[in-house]
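K.L.:
A predicted structure for the sequence below; I have some questions about it.
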Amino acid sequence: MNKNIILNNGEKMPIIGIGTDLVRDGLEVKTMIKSAIYAGYRLIDTADLYGNERGIGEAIKECIDEGIVKREDLFIQTKAPFHFDRYNYTYKSLDVQLQRLGLDYVDMYLLHHAYRGSFTWRWQVMDIYRALETLYRQGKTKNIGVCNFGKMHLNYLLSECDIKPQINQIEFHPQHQQRGVVELCKKNDIQVQGWGTLNNGRIFDEPLFDEIGKNYNKNAAQIAIKYAIQKGVAPLVRSQKPNRQKEMLDVFNFEINSADMKKLDDLDGGEFSHNHEGEPIEEAIKSKQIEIKKYKMFGFLPFMKKYKKNRRITKYYLFGIPIVKTDKKIIEIPKDKQTKTLAGVERERERESNPANPQKSKKGSLK
Ligand SMILES: NC(=O)c1ccc[n+]([C@@H]2O[C@H](COP(=O)([O-])OP(=O)(O)OC[C@H]3O[C@@H](n4cnc5c(N)ncnc54)[C@H](OP(=O)(O)O)[C@@H]3O)[C@@H](O)[C@H]2O)c1
């Protein structure tokens, strides 16, 4: 059983959605999406980047033909591609994506990322977002939104846009809560949709989820999903296993109490599941150290500090003259500053060095 929430334009969106990142096009994604629809999922998340829109379209068509759902029961969301000719390309791209999905409209069209690290991100973001606004006005998408927007990106977008985004899809789980951006979205009536709800399978290395789960007769995945919902975040989950898909919708018959919510809150600052800004921190958890690069103009004027693991570049040249020099410094992280998820990494090492020890699988006790 899934439930809906109302977005800032009055449209309904299912709270829990099924994600399809890393799921191959064709039979693989088709089988996954059909079983998800049978289980009760109505929100399906994909992207041009995932390359699986065609298989998803086939699954949707078959489920409609079988009378399991009607088109209007489903909430299909996809994301604009990465490219250079941005407004025109994005504008035309939705037609191609609709064709692949076999649909006349999508329920949500998203800008995939905020072009972090690019000096021209403001221009890039607005150029694509303008195309999203046009497509929204034309009814080709019922809602529009953004992904991976931090506070800076969102504040800028809000100052420039004509149509406020309905959602901001960001990484969200107890080990990475992004409290500042979640707060900003709430203030502006933008729904946060969380990806990586299971930290890409890594929540199963943190025993607290199982411990709390025992209080409610729920498993770790259900606790992570419920945590997001109680924080006002609409979680996306991903599993190709029908039994797991079903379990993950069974979260509307209990509430995590405030003491347990507090324990989960305290996990914040841990692992990141993907290569976003947090990647070096994940490295730090494994190696217990962070590398900091200091960039200096003409070899002595400091102008930027960056946490990075790339060790290759040390100097930037202009016509053969070194203009930017980078200093590298490795700092050890004190034991008390290392996050709780370090325990998970250590257990994993233990398991690897002692395979004879019959313990739970890498991704947890739920098979
Ligand atoms: N906008 C963006 O930039 C962005 C980035 C990343 C993701 N997303 C979206 O968000 C969706 C969800 O995020 P995610 O893909 O990172 O997935 P996730 O839900 O955090 O984790 C999925 C992983 O957890 C495993 N898993 C699921 N249930 C389990 C259980 N009960 N026990 C043990 N393992 C379990 C799955 O394996 P099995 O399949 O074997 O169950 C899968 O490997 C994505 O699919 C995508 O649609 C968006």
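P.N.:
On my side now, so go ahead. Numbering: from 1, shown residues only.
K.L.:
give me the three-state assignment for Val29.
P.N.:
Under DSSP: H, G, I helix; E, B strand; the rest coil, Val29 falls in the helix class.
K.L.:
now it: closest residue in space, sequence neighbours ignored.
P.N.:
Across the structure, with Cβ to Cβ, 6 or more residues apart in numbering as the measure, the residue nearest Val29 apart from its sequence neighbours is Gly55 (3.8 Å). Any C-beta I mention is one placed from the backbone N, CA and C, and that applies to glycine too.
K.L.:
got the phi and psi for that neighbour?
P.N.:
Backbone geometry at Gly55, expressed as degrees, to the nearest 10, gives phi -60, psi -40.
K.L.:
ok, now how distant is it from Pro207?
P.N.:
As for Gly55, its distance to Pro207 is 36 Å (criterion: Cβ to Cβ, to the nearest Å).
K.L.:
now swap in Arg137 and tell me
P.N.:
Arg137 sits at a distance of 50 Å from Pro207 (criterion: Cβ to Cβ).
K.L.:
and what of His176?
P.N.:
In this view, His176 and Pro207 are 18 Å apart by Cβ to Cβ.
K.L.:
okay, these two: which has more neighbours?
P.N.:
Taking His176 and Pro207 together and counting by other Cβ atoms under 10 Å, His176 has the greater number of neighbours (23 against 13).
K.L.:
report the separation between Leu267 and Arg202.
P.N.:
Leu267 sits at a distance of 11 Å from Arg202 (criterion: Cβ to Cβ).
K.L.:
which positions in the stretch 201-350 of the chain make contact with the ligand?
P.N.:
When proximity is defined as Cβ under 6 Å from any ligand atom, the stretch 201-350 of the chain approaches the ligand at 201, 204, 221, 236-241, 244, 273-274.
K.L.:
looking at this, Leu110 is in a strand?
P.N.:
Yes. According to three-state DSSP, the state of Leu110 is that of a strand.
K.L.:
measure how buried it is and give me the count.
P.N.:
By the other Cβ under 10 Å criterion, the neighbourhood of Leu110 contains 26 residues.
K.L.:
over to Asp107?
P.N.:
Residue neighbour count, defined by other Cβ under 10 Å, stands at 23 for Asp107.
K.L.:
please apply the same query to Asp73.
P.N.:
Taking other Cβ under 10 Å as the neighbour definition, Asp73 ends up with a count of 12.
K.L.:
quick one: contacts for the nearest residue to it once chain neighbours are set aside?
P.N.:
Across the structure, with Cβ to Cβ, 6+ apart as the measure, the residue nearest Asp73 apart from its sequence neighbours is Arg42 (5.8 Å). Neighbouring residues of Arg42 by Cβ atoms under 8 Å, 6 or more residues apart in numbering: 2, 14, 69, 73-75.
K.L.:
where does the protein have low pLDDT?
P.N.:
Counting by pLDDT under 70, the ranges of the chain that qualify are 1, 83-85, 270-367.
K.L.:
show me the strands in it, by range?
P.N.:
Across the chain, reading from the start of the chain, the strands by DSSP state E fall at 4-6, 12-14, 17-19, 43-45, 75-79, 108-111, 144-147, 167-171, 191-195, 234-237, 289-297, 301-307, 315-318, 321-332.
K.L.:
thinking Gln124 is in contact with His113, fair?
P.N.:
No. Counting by Cβ atoms under 8 Å, Gln124 does not reach His113; the two are 9.8 Å apart.
K.L.:
who has more neighbours, the two?
P.N.:
Between Gln124 and His113, counted using other Cβ under 10 Å, His113 has the larger neighbour count: 20 against 17.
K.L.:
for that one, what are its contacts?
P.N.:
With contacts taken as Cβ under 8 Å, 6+ apart, His113 has the following neighbours: 147-148.
K.L.:
now Ala259
P.N.:
Ala259 makes contact with no residue under the criterion Cβ under 8 Å, 6+ apart.
K.L.:
hmm, back to that, can I get the buried ones among the contacts of Arg42 as something I can paste into PyMOL?
P.N.:
The following PyMOL command selects only the buried members of the contacts of Arg42, with burial defined by 16 or more other Cβ atoms under 10 Å:
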select buried, resi 2+14+74+75
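K.L.:
quick one: which of the contacts of Arg42 is nearest Asp104?
P.N.:
Leu74 (12.5 Å; Cβ to Cβ).
K.L.:
and that closest one, how far is that from Lys218?
P.N.:
Taken as Cβ to Cβ, the span from Leu74 to Lys218 is 27 Å.
K.L.:
do His113 as well
P.N.:
With the distance defined as Cβ to Cβ, His113 ends up 33 Å from Lys218.
K.L.:
now do Val192
P.N.:
Counting by Cβ to Cβ, the separation of Val192 from Lys218 is 22 Å.
K.L.:
and what of Tyr115?
P.N.:
From Tyr115 to Lys218 the distance is 39 Å (Cβ to Cβ).
K.L.:
tell me the contacts of the residue nearest to Gln124 when sequence neighbours are not counted?
P.N.:
The shortest distance from Gln124 to any residue that is not its chain neighbour, by Cβ to Cβ, 6+ apart, is 4.5 Å, and that residue is Tyr115. Going by Cβ under 8 Å, 6+ apart, Tyr115 touches 121, 124-125.
K.L.:
just these now: which is nearest the ligand?
P.N.:
Val125 (14.5 Å; Cβ to the nearest ligand atom).
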